[in-house]
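# With the sequence up front, the predicted model follows.
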Amino acid sequence: MLKSKLMKASLVVAGLALSAAASAQVYGGASIGRSQLSADCSGTISCSNDATSYKLFGGYQFHPNFAVEASYSNLGKTKADLYDTASSTSARMQVKSSSFELAAVANQQFTSELSGFAKLGIASVKAEGDMWAVNPTASVMTSTSTSSTQPVWGLGLNYKLTKELALRAEFETRKVKFGDEKETVRNLNVGMQYHF
């Protein structure tokens, strides 16, 4: 009796495992868009908080509604120009940011072509900055780099063009630490996703 129940339970578990394996899919893709850093531009001569961003990603969909995804995002460069009248010093600062991320993804099918997803994960964010300062007597250039671990979350849509290929649009946000400052960087990207 016990042996029969164990056999039935084993068959159910094996069936579930085979069903999950059958529905599992590996996917990958790339996207491009715009990022925006929430830095304060007051006191600058000129300031650009918007930049071109791009992303490479790959994932494993182990269930129709759930996946695990890894990605690399180049979040672009932000620039600011400053001038101090007291010392007649001009300065330019440039910061470029990038992020490696691992996230859990929850999918929801709306129609046979359209689906949405939400993601939550962890990001290793790197910010690299250069500053040039020039006054009548000297010029100085300094560089610094800061890495930090930050939470990342996002929302997106997939529109299936074929069985394997889909259009993908997504919004993401995470913090970027630079020196002692911590700012929010958001990006909106559009690209293609391919299921192998």
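Sure, I can see it. Numbers count the residues shown, from 1 in each chain.
# element containing the residue nearest to the spatial centre of the chain?
Nearest to the mean C-alpha position of the chain, by Cα atoms, centre = their mean, lies residue 73 at 5.2 Å. Element membership of residue 73, judged by DSSP states H and E, is strand 66-84.
# how about the helices in this protein?
Assignment of helices within the chain using DSSP state H yields the ranges 2-23.
# Run through the strands of it in chain order.
Counting by DSSP state E, the chain has these strands, from start to end: 25-37, 46-48, 50-63, 66-84, 89-109, 114-134, 139-160, 165-178, 181-195.
# any chance of these in CSV, plus mean pLDDT?
Formatted as CSV, these follow (pLDDT from 0 to 100):
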stretch, mean pLDDT
strand 25-37, 95
strand 46-48, 80
strand 50-63, 95
strand 66-84, 91
strand 89-109, 93
strand 114-134, 94
strand 139-160, 93
strand 165-178, 95
strand 181-195, 94
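# thinking again about what came up before, tell me the helices and strands packed up against the strand holding residue 73.
Other helices and strands packing on strand 66-84, by 3 or more Cβ pairs under 8 Å, 6 or more residues apart in numbering; DSSP states H and E, are strand 25-37, strand 46-48, strand 50-63, strand 89-109, strand 181-195. Yep, even glycine has a C-beta here, placed from its N, CA and C like the rest.
# Could you export the ones you listed as CSV, including mean neighbour count?
Converted to CSV, the helices and strands packed on strand 66-84 look like this (neighbours: other Cβ atoms under 10 Å):
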stretch, mean neighbour count
strand 25-37, 18
strand 46-48, 14
strand 50-63, 17
strand 89-109, 18
strand 181-195, 18
